[in-house]
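J.: Generate a structure from the sequence data that follows.
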Amino acid sequence: MPNPPERTPPAPSPKTRKALPPLRERARQILETLKQTYPQAHCELVFSNPLELLVATILSAQCTDKRVNLVTESLFARYRSAADYARASQEELEEAVHSTGFYRNKAKNIRAMAADLVEKHGGRVPDTMEALVALAGVGRKTANVVLGNAFGKNEGIVVDTHVARLSHRLGLTKATAPEKIEAELMKLVPREDWALFSHLLIWHGRRRCTARNPDCPECEVRELCPSADTFARPRASSGRK
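T.: You can find the predicted model right below:
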């Protein structure tokens, strides 16, 4: 009787990841881990008062903080009050902020915002969400930046491209509209950490979880991220034996 054919042993199953904690607990663990990873996380726009931060935030749309900081170094020396911006000509301000991109709209928004400050608030930046979003050229995201960083008020969570990208990768939300992302994050993160949470995600997005080549193997929150295996890539060989 012929011997039965040899069976190929089954391939070893891949290592099974630990089950992820429930969403709210996972959000808390992500927050605490990122706090330990980036204890110095802060707004990277350079400013010395609420008006400077408001102007810098308007300029930061579709522009890096590094570029904005280069531009505002001379801009803030030249324009020191809301009245200064309101009196500036469109052409003059366009030239001053040209390198931040979209300079026509940015110059227009800054002049209109400054005129509102002079007319409605005596030139001072208000410290409430309602008053800030009523200013020309100021939306909720900009207001959140100013409230959280110039006034220390946690009224919301700033949702920029980094925050939106990481929120999706970390499985904290499936929403795509910034206001819906913000609303869902606000339910998961303690209010006292709303402003900080934005900074933590932004720092992590710039330093580890980049858009095109996230460093999943070294990521501090890898075990809490449902996307880690999707983005992980094998390390390049050094050529050494």
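J.: pretty sure C43 contacts L147?
T.: No. If you go by CB atoms under 8 Å, C43 and L147 don't touch, sitting 11.7 Å apart. (Each C-beta comes from the backbone N, C-alpha and C, glycine too.)
J.: and S74, how far is that from P217?
T.: As judged by CB to CB, to the nearest Å, S74 and P217 stand 42 Å apart.
J.: my bad, should have said A228
T.: A228 sits 9 Å away from P217 when distances are taken as CB to CB.
J.: With neighbour numbers in mind, choose between these two.
T.: With neighbours defined as other CB atoms under 10 Å, A228 and P217 compare such that A228 has more, 19 against 12.
J.: Could you list the domains of the protein?
T.: Following automatic domain parsing, one finds the domains of the chain at 23-42+156-229, 50-150.
J.: could you dump these to TSV with mean pLDDT?
T.: TSV is the format used below for those (pLDDT from 0 to 100):
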stretch	mean pLDDT
domain 23-42+156-229	97
domain 50-150	98
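J.: Now do the SS call for the residue nearest to Y38 when sequence neighbours are not counted.
T.: Excluding the flanking residues, the one nearest Y38 by CB to CB, 6 or more residues apart in numbering is W203, at 4.6 Å. Taken by DSSP: H, G, I helix; E, B strand; the rest coil, the conformation at W203 corresponds to helix.
J.: In contact with W203, which residues?
T.: 34, 38, 41 (CB atoms under 8 Å, 6 or more residues apart in numbering).
J.: Same check on A136?
T.: Going by CB under 8 Å, 6+ apart, A136 touches 109, 112-113, 115-116.
J.: So which of those residues wins on neighbours?
T.: Using other CB under 10 Å as the neighbour test, the contacts of A136 are led by M113, with 24 neighbours.
J.: Mind listing what's buried along the strand or helix carrying it?
T.: Using DSSP states H and E, M113 falls within helix 103-121. Residues of helix 103-121 classed as buried by neighbour count (16 or more other CB atoms under 10 Å): 103, 106-107, 109-118.
J.: before we move on, the earlier item: let me have the contacts of A136 in JSON lines, adding distance to H98 as columns.
T.: Shown next, in JSON lines, are those (distance: CB to CB, whole Å):
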{"residue": "N109", "distance to H98": "15"}
{"residue": "A112", "distance to H98": "18"}
{"residue": "M113", "distance to H98": "19"}
{"residue": "A115", "distance to H98": "21"}
{"residue": "D116", "distance to H98": "24"}
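J.: Which of those residues sits closest to L51?
T.: M113 (9.6 Å; CB to CB).
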